[in-house]
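Colleague: Have a look at this prediction, sequence included:
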Amino acid sequence: MSDPVVVTISHSLGRDAAKERLDRGLGGIRAQLLPLVQGLDYQWEGYRLTFHVAALRQQVSGQIDVLEDNIRVEIRLPLLLRLLGGKIVGRVRQQATALLEKPPAPR
């Protein structure tokens, strides 16, 4: 495996709220991925989420570190999936940003 792909996404939620948002959003993300993957496992240890995904007969693993003002997503892609790295990074950034955005103020 080559060097990991790293995505950093800023937020203004604070560490606990960002972790809570990510944790709540994992169910929806898991439902979206299930048709595309053969296996998806993840586990929180403090403010670090470690995950393993089996897709297209390839193993993908990584971690998400939740910090006070950003999250850092590190994904280790096998060579075959590295060709799709740009698309994967774009999708990760889009999904994580949507989960971390503050809801609009009530009118």
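Modeller: Thanks, I have the structure now. Numbers count the residues shown, from 1 in each chain.

Colleague: where does the chain have low pLDDT?
Modeller: Scanning the chain with the threshold set as pLDDT under 70 gives 1-2, 102-107.

Colleague: which residues in it form helices?
Modeller: Secondary structure of the chain (DSSP state H): helices located at 15-33, 79-82, 85-100.

Colleague: quick check: angle from the last one to helix 15-33?
Modeller: In other words, helix 85-100. 130 degrees (axes from the mean of the first three to the mean of the last three Cα atoms, to 10 degrees).

Colleague: Show residues contacting helix 85-100.
Modeller: For helix 85-100, contacts defined as Cβ atoms under 8 Å, 6 or more residues apart in numbering pick out 5, 7, 9, 11, 13, 18, 21-22, 24-25, 29, 71, 73, 75, 77, 81. The way it works is simple: take the backbone N, C-alpha and C, and place the C-beta from them, glycine included.

Colleague: what comes up buried for it?
Modeller: 88, 89, 92, 95, 96, 99, 100 (16 or more other Cβ atoms under 10 Å).

Colleague: All set now, cheers.
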